[in-house]
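# the sequence isn't on hand, but the structure is:
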């Protein structure tokens, strides 16, 4: 059992997904999915402990085949931490899903929702665990195909076009990634990431490797919705079922950021990437452009899910900014923001999901007067919003603090100023929500709107609690982020 | 000499560009999916052709031969083909549902309908904001 630990978080939901189809009874399937996701979560907790005991690196050989031939799972602090995050989100979000899905989806589609959800979880955890470049592509497609399905399940017809658009962009991105992997295979004859890392320096001056870097990075940037490639994201998040949005927003782009970090550090090596591509400059410009353009778009949105979708694009900008700094502190900031942003967005989108459950709409103008009707849900929305801005005592503050410290350490004062100004834009869009919720009198007095059911309130407040707890006690998050960043730089020759 | 010698790459690049162009230029959702398929198939060709070694035979162990082509890219592409089929199937299923919901599979017509929906939402919100300052009557009219 303990020797198989590295693969358990991936295999459990993979086996659970087809069993969901066999079970068929919607309520039972929902409970079963929770059990599966929880098992996967427990396995990933044990995995992080095992990695700690093993001194920071756990290697699992699939089917007993040794590394360059067989597929290898390489778990270090970086991915153990993210596996824990993704499986925790996967388990928590399934709890409110039980009620939320009943309201937003037709009865005969519930089973398929849970199946697609578990497959998506499998894909994301697989990308995080694997140490094989082609395997990344396969798991990426598993998670992408199931997320297209999840988005298309939304009740608005625009969900269909959003899913179609994402399918086209996502497939182009994934195909770029296999072109990159193919070019690397051509030059080195290996697909194992660690092996690639060791063999690529011999062929660094070939043009094939240069184009491999280009294809791979552009493909991953499409998946993580870096600014000019983010067009699929706002609609996909806005029209997917609320819980699906919460899950995707909390996990999928984070996993793509992980692939980018892995590719830059553990496949090509950061020094090589920096010499062949002016990646630092490209990333700073795109990240800052993304932060400003997306935050300003967010201010003008009427649909609150779309508003937070644009804010997600902006937050990805902060993560890429940390990566662009290229120092250990910068990577620590990126890792922290990955974790913290997942907590914020999951809390926010679940709170919105509760509102959709009660009033059936995510239009901001329908939120008027909800401050009195759903005080607890709205309070959660406000705390989540404050965390997004980066107010002290919340997680948002911690990651912005580390980002600013990393920027100052690098001496980029102009960027520091821009980051602080961009936080003010977040104040504007969060304030717009607060204004509608608490200060605009409701047009129609609807008495039957009540507080969200407990099964939705508890997960939301659990996440809000995490937002505050990790804002106060940063030993776990900062500790693991620093260990992960140190391990990445430790790989450098 | 070299240019002709690399003919497999030329075919791949041309096919890839044709596919990519169709995805970008066409407004018809099914044509876009066809372009996407061509794009993916070009990558399959690329993988398969790099496995070939000049003068080598199929990778079946036999005492008469010593040089074999590399079978691994073929196996990888088997996986990629399955993924490609799944993508196309899902895409076509979405197109069917889009046709049912919008009555069209032309991107421009779908966008027009979406813009109209968007406008209605905005008007509603705007009318509402006006109402909170003025009277109920102005809104009803």
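Good, I have the coordinates. Just so it is clear, the model here is predicted, and its values are computed rather than measured.

# can you confirm whether whichever helix in chain B runs longest lies near chain A?
Assignment by DSSP state H gives helix B:72-102 as the longest helix of chain B. Yes - residues of helix B:72-102 are located near chain A by Cβ under 8 Å from any Cβ of the partner chain, namely B:73, B:76, B:79-80, B:83, B:86-87, B:90-91, B:94-95, B:97-98, B:101-102. Heads up, the C-betas are built off the backbone N, CA and C, glycines and all.

# that helix: what's the following helix or strand?
Using DSSP states H and E, the next helix or strand after helix B:72-102 towards the C-terminus is helix B:107-133.

# which neighbouring elements make contact with that following helix?
Packed against helix B:107-133 by the contact rule (3 or more Cβ pairs under 8 Å, 6 or more residues apart in numbering or on different chains; DSSP states H and E) you find helix A:158-188, helix B:72-102, helix B:136-140.

# how far does the first one sit from the chain's center?
The one in question is helix A:158-188. 18 Å (Cα atoms, centre = their mean, to the nearest Å).

# list the buried residues of it.
For helix A:158-188, the neighbour count (16 or more other Cβ atoms under 10 Å in any protein chain shown) marks A:158-188 as buried.

# flag every residue of chain A that's near chain B.
By Cβ under 8 Å from any Cβ, the residues of chain A that approach chain B are A:134, A:137-138, A:141, A:145, A:148-149, A:152, A:157-158, A:160-161, A:163-164, A:167-168, A:171-172, A:174-175, A:178-179, A:182, A:185-186, A:302-303, A:363-365, A:368, A:440-441, A:443.

# neighbours around the closest residue to chain B within the stretch 201-350 of chain A, how many?
Chain B sits closest to residue A:302 of the stretch 201-350 of chain A, with a gap of 5.4 Å, by Cβ to the nearest Cβ. Residue A:302 sits with 18 neighbouring residues when counted by other Cβ atoms under 10 Å in any protein chain shown.

# check contacts around it.
Residues near residue A:302 by Cβ atoms under 8 Å, 6 or more residues apart in numbering or on different chains: A:363, A:364, A:365, B:121, B:122, B:125.

# wait, the first one sits on residue B:121?
I take that to be residue A:363. Yes - here residue A:363 reaches residue B:121: they are 6.2 Å apart, a contact under Cβ atoms under 8 Å.

# one step back: put together JSON lines for the contacts of residue A:302, with distance to residue A:216 on each row.
Converted to JSON lines, these look like this (distance: Cβ to Cβ, whole Å):
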{"residue": "A:363", "distance to residue A:216": "40"}
{"residue": "A:364", "distance to residue A:216": "39"}
{"residue": "A:365", "distance to residue A:216": "44"}
{"residue": "B:121", "distance to residue A:216": "40"}
{"residue": "B:122", "distance to residue A:216": "41"}
{"residue": "B:125", "distance to residue A:216": "43"}
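
# what stretches of chain B score poorly on pLDDT?
Across chain B, the ranges flagged by pLDDT under 70 are B:1, B:126-141.

# hang on, residue A:74 is in a strand, isn't it?
Yes - assessed with DSSP: H, G, I helix; E, B strand; the rest coil, residue A:74 lies in a strand.

# wait, doesn't it sit right on residue A:195?
No - the criterion here is Cβ under 8 Å, and residue A:74 misses it with residue A:195 at 11.0 Å.

# where does the stretch 101-250 of chain A have low pLDDT?
Low-confidence segments of the stretch 101-250 of chain A, defined by pLDDT under 70: none present.

# name the residue of it that lies nearest to chain B.
The stretch 101-250 of chain A approaches chain B most closely through residue A:157 (3.9 Å), counting by Cβ to the nearest Cβ.

# number of nearby residues for that residue?
With other Cβ under 10 Å as criterion, residue A:157 counts 18.

# now residue A:422: closest residue in space that isn't a chain neighbour?
Nearest residue to residue A:422, sequence neighbours excluded (Cβ to Cβ, 6 or more residues apart in numbering or on different chains): residue A:291, at 4.7 Å.

# give me the number of residues near the one you found?
Residue A:291: 26 surrounding residues under other Cβ under 10 Å.

# in whichever strand or helix holds it, what's buried?
Under the criterion of DSSP H and E, residue A:291 resides in helix A:279-299. Using 16+ other Cβ under 10 Å as the test for burial, helix A:279-299 gives A:279, A:283-284, A:286-288, A:290-295, A:297-299.

# which strands and helices sit next to that helix?
The contact analysis (3+ Cβ pairs under 8 Å, 6+ apart) places helix A:279-299 against helix A:304-325, helix A:413-434.

# now do it against helix A:304-325, angle only.
160 degrees (axes from the mean of the first three to the mean of the last three Cα atoms, to 10 degrees).

# which residues touch helix A:279-299?
The contact list for helix A:279-299 (Cβ under 8 Å, 6+ apart) reads A:217, A:226-228, A:230, A:234, A:264, A:273-274, A:307-308, A:310-311, A:313-314, A:316-318, A:320-321, A:323-324, A:326, A:415, A:418-419, A:422, A:425-426, A:428-429, A:432.

# got it, and stretch A:436-455?
Residues from elsewhere that reach stretch A:436-455 (Cβ under 8 Å, 6+ apart): A:95-96, A:98-99, A:354-355, A:357-359, A:364-365, A:367-371, A:373-378, A:381-382, A:457, A:460, B:128, B:131-132.

# can you get me a residue count around residue A:479?
Neighbours of residue A:479 under the rule other Cβ under 10 Å: 12.

# just the one 3 residues further on next, same as before
Other residues near residue A:482 number 18, with proximity taken as other Cβ under 10 Å.

# over to residue A:110?
Neighbour tally, residue A:110, other Cβ under 10 Å: 22.

# ok, now how distant is it from residue A:23?
Distance, residue A:110 to residue A:23, using Cβ to Cβ, to the nearest Å: 11 Å.

# so what sits against both of these two?
residue A:29.

# the residue nearest in space to the middle of chain B: which element?
For chain B, the residue nearest the mean C-alpha position is residue B:36 (3.4 Å; Cα atoms, centre = their mean). Assigned by DSSP H and E, residue B:36 belongs to helix B:29-50.

# buried sites along that helix?
Judged by neighbour count using 16+ other Cβ under 10 Å, the buried positions of helix B:29-50 are B:29, B:32-48, B:50.

# which of these are close to chain A?
B:29, B:32, B:36, B:39, B:40, B:43, B:46, B:47, B:50.

# show me the contacts for residue B:45.
Listed by Cβ under 8 Å, 6+ apart, the contact set of residue B:45 reads B:8, B:11, B:12, B:15.

# what of residue A:261?
A:78, A:323, A:331, A:334, A:488.

# now, the most widely separated pair of the residues you listed?
A:78 and A:323 (12.9 Å; Cβ to Cβ).

# follow-up on the earlier one: filter the contacts of residue B:45 to the buried ones?
In these, burial by neighbour count holds for B:12, B:15, counting by 16+ other Cβ under 10 Å.
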